[in-house]
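Engineer: what would the 3D arrangement of this be:
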Amino acid sequence: MSIIVNNVTKLYGAQKALNNVSFNVNSGEIVGFLGPNGAGKSTMMKIITCFIPPTEGNVKVCGFDINEQSIEVRKQIGYLPEHNPLYLDMYVKEFLEFTGGLYKIKNLKSRVKEMIELTGLQAEQKKKIGALSKGYRQRVGLAQAIIHDPKVLIMDEPTTGLDPNQLEEIRGLIKTLGKEKTVMLSTHIMQEVEAVCHKVIIINKGEIVADESTQALQKNSNKQIFTVEFDKTVSKTALKSIEGVTEVKQMEGNIWQLTTSFEKDIRKEIFDFAVQNKLSVLTLNKEEQKLEDVFKQLTK
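Structural biologist: All right, here's what the predicted structure looks like:
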C-alpha cells in the first residue's frame, strides 16, 4: 500500500472537517478523490502531505508515519495544491533548478531538462512564470512536484481553469505518470475521473461514502436510464404507467428518457406499451450510468 489512512478525524474548533476517515491507495493506482465543496478533500490531502496534523487517527505513506517520520513522508510525495504556489518573478528553468536544489538532486541540470521535456515546457523555459498562461503554470507546478521522482503524487484540482486542449494534455501526462507512480487527484470534473482514474473515493460531510473501482461504482448505481423515441405523440402520464418506471423526462419531440430501479430492465415493458397504444418504437437505448449521476446520488 502506498497510502494507508486509518480512522482520521480533523477538528477546526467545534467544526468536524473529517470524521473517522479510513481508506487505502495501492501502489500504481490513479485514484480520484471526489466530494462537494467543503466535504474535506483538501483537508485530507493536507494531512497526507504533512501540511497539517490530524486531530485523531494516523496516516502512513510508503510505510512512513506522518506523525513520527514526516520528513521521510515528504520525500516520498510530490504535491500540487489547488492554488499553485509559484515564484512569478523567476524564470521557469531557474525555478525548477531552485526546487531541485532544495531536494539536493544529483545531476540537477539534466533532471531539469528531463522535467521540461516531460511537461512540454520547452518553448516556455526561458520565460518568467508570471508571463505564462494558466495551463503552462500548471505544467510548471507538475514539474516541481515530480522533479525529485516521488513515489506518490497528490494533486488538488490540477486542471481547474484549463482549456480543452490543455485538459487533454494534462490528462495524458497524468496517465503517463500513473504508470510508474501512485497518483491521487481531487477534481470536480467527472469526465476527468472516468478518463484517467482506476478507483474513486467519494467523501461527503467529512465521511467516506464510496471507495470502489470506477466501473464498479457506475454498475452499482440504484437506477437505469432508457431513451426511447416513438413515431407519435405520447403523454407523460401514460409513460409513467409503464411497470418499473420511476421518472419520466421529455427530451425533445417524441424522445423520452425513462428511469427505473437498477434491478428492473423495462425494455420489454416499453415495447408492450407501444403495441398497446399503437405506437412504433423508432429507437431504444439503454444509457450507461454516468459517474456524475452516481456522485449526485451519494452526496445529496
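Engineer: pick out the residue closest to the middle of this structure.
Structural biologist: G32 (3.4 Å; C-alpha atoms, centre = their mean).
Engineer: secondary structure element for the closest residue to Y103 other than its chain neighbours?
Structural biologist: Using C-beta to C-beta, 6 or more residues apart in numbering and skipping the chain neighbours, the partner closest in space to Y103 is H148 (4.1 Å). Every residue, glycine included, has its C-beta placed from N, CA and C. Secondary structure from DSSP states H and E places H148 outside every helix and strand.
Engineer: number of residues surrounding H148?
Structural biologist: Neighbour count of H148, defined by other C-beta atoms under 10 Å: 18.
Engineer: give me every residue that touches it.
Structural biologist: Residues near H148 by C-beta atoms under 8 Å, 6 or more residues apart in numbering: 75, 78, 100, 103, 105.
Engineer: surely the last one meets P150?
Structural biologist: No - under the criterion of C-beta atoms under 8 Å, I105 makes no contact with P150, lying 11.9 Å away.
Engineer: these two: which has the busier surroundings?
Structural biologist: Neighbour count, other C-beta under 10 Å: between I105 and P150, P150 has more, with 21 against 17.
Engineer: ok, then the element right after the helix or strand of the chain with the lowest mean pLDDT?
Structural biologist: Scoring the helices and strands of the chain by mean pLDDT, DSSP states H and E places helix 214-219 at the bottom, with a mean of 75. Next helix or strand after helix 214-219 toward the C-terminus (DSSP H and E): strand 223-230.
Engineer: that next one pairs with which strands, parallel or anti?
Structural biologist: strand 255-261 (antiparallel), strand 281-287 (antiparallel) (DSSP bridges).
Engineer: can you tell which of these is closest to Y91?
Structural biologist: strand 281-287 (49.7 Å; C-beta to C-beta).
Engineer: re earlier: most tightly surrounded among the strands paired with strand 223-230?
Structural biologist: For the strands paired with strand 223-230, average neighbour numbers computed from mean count of other C-beta atoms under 10 Å are highest in strand 255-261, which has a mean of 18.
Engineer: what's the offset of that strand from the middle of its chain?
Structural biologist: With C-alpha atoms, centre = their mean, to the nearest Å as the basis, strand 255-261 stands 28 Å off its chain's centre.
Engineer: restricting to C-alpha, output that strand in CSV.
Structural biologist: Taking C-alpha atoms only, strand 255-261 is exported to CSV below (Å, rounded to 0.1, in the frame of the first residue of the first chain):
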residue,chain,number,x,y,z
ILE,A,255,-38.0,11.4,-27.5
TRP,A,256,-38.3,10.4,-23.8
GLN,A,257,-36.0,9.4,-21.0
LEU,A,258,-37.3,6.8,-18.7
THR,A,259,-35.7,6.0,-15.4
THR,A,260,-36.1,2.8,-13.4
SER,A,261,-34.6,0.9,-10.5
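Engineer: buried stuff in the helix or strand that that strand is followed by?
Structural biologist: Counting by DSSP H and E, the next helix or strand C-terminal to strand 255-261 is helix 267-276. Neighbour-count burial for helix 267-276, counted by 16 or more other C-beta atoms under 10 Å, picks out 269-270, 273-274.
Engineer: quick check: which ranges of the protein have low pLDDT?
Structural biologist: Applying pLDDT under 70 to the chain picks out residues 1, 161, 218-222, 262-263, 288.
Engineer: for it, which segments count as helices?
Structural biologist: Assigned by DSSP state H, the chain shows helices spanning 41-48, 70-76, 92-102, 108-118, 134-146, 164-178, 190-196, 214-219, 236-240, 267-276, 291-299.
Engineer: from I3, how far out is the closest residue to S213 other than its chain neighbours?
Structural biologist: Among residues not flanking S213 along the chain, K199 sits closest, at 5.3 Å (C-beta to C-beta, 6+ apart). The spacing between K199 and I3, counted by C-beta to C-beta, to the nearest Å, is 12 Å.
Engineer: tell me how far the closest residue to V61 other than its chain neighbours lies from I174.
Structural biologist: Leaving out its chain neighbours, the residue that sits closest to V61 by C-beta to C-beta, 6+ apart is V73, at 4.7 Å. Distance, V73 to I174, by C-beta to C-beta: 22 Å.
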